[in-house]
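Engineer: Need a 3D model of the sequence below.
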Amino acid sequence: MSQGRLSRLRITSRRRGDERGFVAVWFSLMLVVLLGMGAFAVDVSYWHYTQTREQRAADAAALAGAVSFPGDLVKANAAALSVAASNGYTVGGITPLGPGDSCPLGGATLAICAGSGDLTYQYRVKIVQKVKNTFGQILGMDATNVSATATAEYLKPLSMGSPSNQYGNDPDNTSWPIDATDPPQTYPNFWGNIEGGGTAKQQGDAYAANWCENGSGGGTDGCNANGDGQNLNYIANGYYYTVDFTSSATANLQVFDPAMVHVGSLCSDTSTIHLADASNLTNIPDYPQGATNTGDIHKRFQPVISTGSPTDAGYQYCTGDQSFPNSANASPPPATTYRVLKASVPGDPSTAQQVCGPITFPGYNGNVATALQGGTLPGAPAPFATYFRQWVNLCQVSGQQGDEYFIQVSTDNGSGSNHFSLRGATSGGGAAPVTVAGNTYMSIFTNVGSNQLTKFYLARVPTAAAGHTLVLNFYDIGDANQGTVGQLQVMPPADSVSSIGPTFSNCTWSGANGSAIGTAPNSRTAPWGPPTGISSCLIPGVNSNPANWNAQWSTVTVPIPAGYKCTDDDPNGCWITINEKFSGAVHDVTSWNAYLLGDPVRLIK
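Structural biologist: Okay, here's the model as predicted:
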C-alpha cells in the first residue's frame, strides 16, 4: 500500500471517530430537551386539569353570588365563597377584582376575586391558583399560575309601573289641566290601588280582595268553584313596591293619601261626602300648608263638577277612594298598613327585614269637612288633615347605588278600594335618587275622560332578557263605561327601537273563558286554549263584555328578540310601556303581573 493511501485511511478513520463523538454529544443534548418537553407536557396536562376544576368552581360560585348582586355584595361574596369551598377551593375572603380582572395572589397559593361584570348587575368570579410544576423545573419553571373566570347574572322579578322616584300621580307637582296626549311623569294618569279583603274581586283587585260574589264568582275568573267564594289569586301580604337606589343618598319614603277615605270614584259632591264644604273651609287646624291657606284648601278638596271632562279641576286630587257598604258582604271601610323593609335578595321581599312600621291608617266613610276640622280619628296615627290628600312620611332610609328596599302595603278585611301614590323624596321635597316600582304584580286605578290616550310604564325588561318570552297577565281591563270600546298596545322601550324596531312582533293574546288562572303571581300558563296572534302587540276591541273582559284574566306573550338591547345603566331605560285609549270615560281598577319565562340565573361567560 502506498504511503498516500495509508495517510488517507488514517484521516478518514479519525473523522469518523470525531463524528461519532459529535453524535453522542448531540444526542445527549437532545435527550435532555426531549425529556424536558415530555415532562413539560405532563405539567401542561395538569394545568388543564386544574383549570377545568377551577372553571367548574368559578361557574358555580358566580351563579350563587349573582342572586344577591349588586344589592347585597356581602351576601353575594359569602355565597360565592361557600360554593367555591364545597368545590375544594377555600380562602379566607373574597378579593375585589382589579383593573383588567386582575386577581393578585400576593404571597398566597390561592385567591378568589369577585366584582361586577361588563354590566353593573352581572357578577364575575375569578379563581387563581399557584401550581407547583413537577418536571417544568428542568426548564426553570418552578410554578405556574392557573386561573378561571365566570360571569353570571340574575334576572330579578320585574319592576312595574314606574321608572322614576314616584309610583302613581303627584297632584302637588302637576300643572292642571294636564296634556291629554302625553301625560307628564308627575301625573301618569293612574293611582296605586289596594282593596280590603272583604271586597268583591270583581271590583278589579285580583290579589287583595278575598271574596268572590255568588260563590264561584258569578263569572268572576280565578275563584273557587266549590261555593265558598274564595279568591284563588289572593295574597295576604298585599303589594310590595321596590325602592332601588341609583346613587348614594338618604331618601324619605312617602305615601300620598294613605287612608281609604270614601270620596267616590268620580269625586262628585254628595250629602254624605261634603267635598264642597271642605273646599270652602277657611281654617283647618294641623293643615300642612297653613291653617288659613284658603287657596290651597279650595284647590285640594274641590269636587268634580263635570264628570265627563278630563280637564275638570276636581280630578287633580281625585284619588277615587270608594267603600262598598251595600255589598252582600258588607263590612267597614278597610284599614291600610304600610311597612318598609330592607332587601336581602334583590326583588325578593320574603328575605327582607323590616326597618320601619307598621303604620296603619283606618278607613273613613263620612263627612270629610267635619273630619278635617275634628283632629285625629280613632285609631289613626295623626290628625286627619295631615294625611287626607297629603304626602306623608313613612320612613327615612339611606343607601348606596344598587341597595334595595320594599314598601309593603296591606289591608284588613274591610270592604272598599284605597288609591294612593308612593315616592322617594329628599329632605327638601325634591326627587331622591331612587326608583319606586311595583314588584312583579300591581293593581292600579285609572281615572281618565273620553278618548284620552294614557301612556304608562308597564315593566322594566333588561338587555339580559333577550331571547326570553315576556308574559303579561291583565285582570278586569275592560270594565269601562257601558258601550265604551278601547285598545291596549304593548310598546318596546324607546331605547331599544334601534335594535328591534318600533313595535314588537309575534305577540299572542289569550282571552278568558271563566277558567281559574291559578295562584298569582306564580302562575306560569294561560288556561284559555290556543292563543291568537295580534299584530304589533295591539289588543283591539277591549270592552265591558263580561264574557271576555269584565272580571276576567287575559294574557299577552311577547317574544323578546335575540338582538334586543336597551340602556341598562339608565333607570329610565329598558321600560316597556302600555298605550291605552278608550272611546268613553274610564274610572276603573285593574290588576297586572309580568314575568319572564326561563331560568332567572344564568352564566354569561
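
Engineer: ok, then the element right after the helix or strand hosting residue 295?
Structural biologist: Here residue 295 is covered by helix 294-301, with elements defined by DSSP states H and E. Tracing the chain past helix 294-301, the next element assigned as helix or strand by DSSP H and E is strand 322-323.

Engineer: circling back to that earlier point, what lies in contact with the helix holding residue 295?
Structural biologist: For helix 294-301, contacts defined as CB atoms under 8 Å, 6 or more residues apart in numbering pick out 275, 278-282, 284, 287, 289-290, 313, 316-317, 368, 372, 389. (C-beta placed from N, C-alpha, C; glycine too.)

Engineer: Residue 295: neighbour count?
Structural biologist: Residues contacting residue 295 under the criterion other CB atoms under 10 Å number 9.

Engineer: So it versus residue 258, what's the distance?
Structural biologist: 24 Å (CB to CB, to the nearest Å).

Engineer: quick one, what contacts the closest residue to residue 90 other than its chain neighbours?
Structural biologist: The shortest distance from residue 90 to any non-neighbouring residue, by CB to CB, 6 or more residues apart in numbering, is to residue 84 (7.4 Å). Residue 84 makes contact with 57, 58, 60, 61, 90, 91, 112, 125, 127, according to CB under 8 Å, 6+ apart.

Engineer: now the helices for the protein?
Structural biologist: Remark: helices assigned in the chain by DSSP state H are 3-66, 73-86, 214-217, 275-279, 294-301, 368-373, 497-500.

Engineer: rank the ones you listed by mean pLDDT and give me the bottom one.
Structural biologist: Note on the helices of the chain: lowest mean pLDDT is at helix 214-217, with a mean of 50.

Engineer: pLDDT weak spots in the stretch 251-400 of the chain?
Structural biologist: By pLDDT under 70, the low-scoring segments of the stretch 251-400 of the chain are 326-330.

Engineer: at 90 instead, please
Structural biologist: When residues are selected by pLDDT under 90, those of the stretch 251-400 of the chain lie in 269-272, 306-311, 324-331, 344-348, 350-351, 400.

Engineer: Who is the closest residue to residue 101 other than its chain neighbours paired with across the strands?
Structural biologist: Excluding the flanking residues, the one nearest residue 101 by CB to CB, 6+ apart is residue 126, at 5.9 Å. For residue 126, the residues forming beta bridges with it (DSSP bridges) are residue 113, residue 149.

Engineer: ok, residue 126 touching residue 105?
Structural biologist: No. Look at residue 126 against residue 105 with CB atoms under 8 Å: they stay out of range, at 11.3 Å.

Engineer: Looking only at neighbour counts, state which of these two leads.
Structural biologist: Using other CB under 10 Å as the criterion, residue 126 and residue 105 rank with residue 126 on top: 24 against 14.

Engineer: The residue nearest in space to the middle of the chain - nearest residue in space that isn't next to it in sequence?
Structural biologist: Geometric centre of the chain, nearest residue: residue 159, 2.5 Å, by CA atoms, centre = their mean. Nearest non-adjacent residue to residue 159, counting by CB to CB, 6+ apart: residue 437, 3.7 Å away.

Engineer: And residue 79, by the same measure?
Structural biologist: Once flanking residues are discounted, residue 79 sits nearest to residue 64: 4.1 Å by CB to CB, 6+ apart.

Engineer: and what of residue 47?
Structural biologist: Nearest residue to residue 47 in three dimensions, chain neighbours excluded: residue 146, at 5.3 Å (CB to CB, 6+ apart).

Engineer: quick one: contacts for the one you found?
Structural biologist: Applying CB under 8 Å, 6+ apart, the residues contacting residue 146 are 47, 50, 51, 54, 128, 129, 131.

Engineer: same thing with residue 197?
Structural biologist: When the contact criterion is CB under 8 Å, 6+ apart, the partners of residue 197 are 208, 209, 210, 211, 234, 334, 411, 412, 413, 414.

Engineer: Kindly report the same for residue 292.
Structural biologist: Residue 292 neighbours (CB under 8 Å, 6+ apart): 282, 283.

Engineer: same question, residue 431
Structural biologist: Neighbouring residues of residue 431 by CB under 8 Å, 6+ apart: 164, 165, 166, 423, 424, 425.

Engineer: And for residue 493?
Structural biologist: Residues near residue 493 by CB under 8 Å, 6+ apart: 461, 566, 573, 574, 575, 576, 577.

Engineer: Narrow those residues to just the buried residues.
Structural biologist: Buried residues within the contacts of residue 493, defined by neighbour count using 16 or more other CB atoms under 10 Å: 461, 566, 573, 574, 575, 576, 577.

Engineer: nearest spatial neighbour of the third one, skipping sequence neighbours?
Structural biologist: Taking CB to CB, 6+ apart as the measure, residue 573 lies nearest to residue 567, with 3.2 Å between them; neighbours along the chain are not counted.

Engineer: With the last one instead?
Structural biologist: If the residues on either side of it in the chain are set aside, residue 577 comes closest to residue 491, at 4.7 Å by CB to CB, 6+ apart.

Engineer: Please look at that neighbour and residue 507 and confirm they touch.
Structural biologist: No. Residue 491 lies out of contact with residue 507 (CB under 8 Å); the separation is 11.2 Å.

Engineer: Residues in contact with both of the two, list them for me.
Structural biologist: When contacts are counted by CB under 8 Å, 6+ apart, residue 491 and residue 507 are jointly contacted by residue 537.

Engineer: Compare these two and say which is more crowded by neighbours.
Structural biologist: More crowded of residue 491 and residue 507, by other CB under 10 Å: residue 507, with 23 against 19.

Engineer: contacting residues for that one?
Structural biologist: Counted by CB under 8 Å, 6+ apart, residue 507 has contacts 490, 533, 534, 536, 537, 556, 557, 558, 559.

Engineer: what's the closest of these to residue 407?
Structural biologist: Nearest to residue 407 among these is residue 490, at 26.3 Å by CB to CB.

Engineer: if we can go back for a sec, which one of the contacts of residue 493 is nearest to residue 357?
Structural biologist: Closest to residue 357, out of all of the contacts of residue 493 and judged by CB to CB, is residue 575, at 28.8 Å.

Engineer: Was I right to think that closest one contacts residue 455?
Structural biologist: No. Residue 575 sits out of contact with residue 455 when judged by CB under 8 Å, with a separation of 10.8 Å.

Engineer: The residue nearest to the centre of the chain and residue 462 touch, don't they?
Structural biologist: No. Assessed by CB under 8 Å, residue 159 is found out of contact with residue 462, at 9.9 Å.

Engineer: Just the C-alpha atoms of stretch 119-132, please, in CSV.
Structural biologist: Output in CSV follows, covering the C-alpha atoms of stretch 119-132 (Å, rounded to 0.1, in the frame of the first residue of the first chain):
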residue,chain,number,x,y,z
LEU,A,119,-72.8,45.3,33.2
THR,A,120,-73.4,46.5,36.7
TYR,A,121,-75.8,43.7,37.6
GLN,A,122,-73.5,40.9,36.4
TYR,A,123,-71.4,39.1,39.0
ARG,A,124,-67.9,38.0,37.9
VAL,A,125,-65.7,35.5,39.9
LYS,A,126,-62.0,34.7,39.2
ILE,A,127,-60.1,31.8,40.8
VAL,A,128,-56.3,31.9,40.7
GLN,A,129,-54.1,29.1,42.0
LYS,A,130,-50.3,28.7,42.0
VAL,A,131,-49.5,25.2,40.8
LYS,A,132,-46.1,23.7,41.5
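
Engineer: That stretch: which residues count as buried?
Structural biologist: Neighbour-count burial for stretch 119-132 [16+ other CB under 10 Å]: 121, 122, 123, 124, 125, 126, 127, 128, 129, 131.

Engineer: can you pull out the strands in the stretch 151-300 of the chain?
Structural biologist: 159-160, 166-167, 190-195, 239-245, 249-256 (DSSP state E, counting those that start in this stretch).

Engineer: can you pull out the strands in the stretch 451-600 of the chain?
Structural biologist: Counting by DSSP E, counting those that start in this stretch, the stretch 451-600 of the chain has strands at residues 454-460, 469-475, 486-491, 507-510, 532-534, 538-542, 553-559, 575-582, 586-596.

Engineer: ok so, going back, if I average pLDDT within each of the strands of the stretch 151-300 of the chain, which one is lowest?
Structural biologist: Mean pLDDT values for the strands of the stretch 151-300 of the chain show the minimum at strand 159-160, a mean of 92.
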